[in-house]
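Trainee: Fold the following.
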Amino acid sequence: MELKLILESLLFSAQKPLSVKELRDVLAAAAEQEGADATAKSLAKVKEGELTAALEQLAREHETAARSYRLACVAGSWQFVTQPEFGPWLRALVGVKTRPPRLSLPALETLAIISYRQPITRAEVEQIRGVNVDATMQTLMERGLVEAVGRAEVVGRPPTYGTTALFLEYFGLRGLEDLPAADELRRIVVEKPPGPVTAEPGLATTPPEQLALQPAAPEPGEGGNEEAGSQKTGGIPKG
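Mentor: Here you go, the predicted structure:
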């Protein structure tokens, strides 16, 4: 039995999209079942690359057959989806689900900047857009399209932001590599603040107040003032 047909049966019966890793786990579990045949055992250790190749071949075959549905990879998981032109009949069958309101133009602009320049700080987004983005960023994070992914290696260590898996699902993308070309957006120069001052590479940041301190002058009698000390003997000045 061909691997692609086994995968087709799994995706057809699944209640949710399945990633390549999840499909591989199912094949491994099937091989461990009592009474598993030779085919099931032979697929116990199939490589993820082989699974991906079989899925892509299956997707091409469904596309060539021009059926009412197709096999698609969205946000790294595979699923069968109906073609958009059959929407009117499907809506009549299952009803119309309430969807969040559409993103505003400022939100789309901000989201585009983050998706192409991630990881990126809020200040860098504002440099590109030229306006304050506090409210827009809050909206995108509440919608689950953007999240904090780390901290920038600059003074203050501000958080950096990137897109989420829900972003890929929202726009029907397999991954970020499927984003349309936007060379102009990537070429915009963003001025970054200076990095944190460190005493030595690998050491913790030195506070600025410590960097400003100068060596204190030696006290009298503590080196560098031998002549003054020679005028005394036992604490009594010489005559």
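
Trainee: start to end distance for stretch 119-136?
Mentor: Start-to-end span of stretch 119-136 (Cα to Cα, to the nearest Å) is 17 Å.

Trainee: Now the helix or strand containing Leu111: buried residues?
Mentor: Leu111 is part of helix 105-117 when elements are defined by DSSP states H and E. Buried residues in helix 105-117, counted by 16 or more other Cβ atoms under 10 Å: Ala107, Glu109, Thr110, Leu111, Ile113, Ile114, Ser115, Tyr116, Arg117. Heads up, the C-betas are built off the backbone N, CA and C, glycines and all.

Trainee: what helices or strands is that helix leaning on?
Mentor: With contacts defined as 3 or more Cβ pairs under 8 Å, 6 or more residues apart in numbering; DSSP states H and E, the packing partners of helix 105-117 are helix 122-129, helix 134-142, strand 159-163, helix 183-187.

Trainee: Tell me the first helix or strand C-terminal of the lengthiest helix in the chain.
Mentor: Identified as the longest helix of the chain according to DSSP state H is helix 48-65. Next in sequence after helix 48-65, counting helices and strands by DSSP H and E, comes strand 69-74.

Trainee: mind listing what that following strand pairs with, with the direction of each?
Mentor: strand 77-82 (antiparallel) (DSSP bridges).

Trainee: Return the partner strand as CSV; C-alpha atoms alone will do.
Mentor: This file holds the C-alpha atoms of strand 77-82, laid out as CSV (Å, rounded to 0.1, in the frame of the first residue of the first chain):
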residue,chain,number,x,y,z
SER,A,77,-0.1,21.4,9.3
TRP,A,78,-1.9,19.5,6.5
GLN,A,79,-5.6,19.4,5.9
PHE,A,80,-8.3,19.0,3.2
VAL,A,81,-10.1,22.2,2.4
THR,A,82,-12.9,22.9,0.0
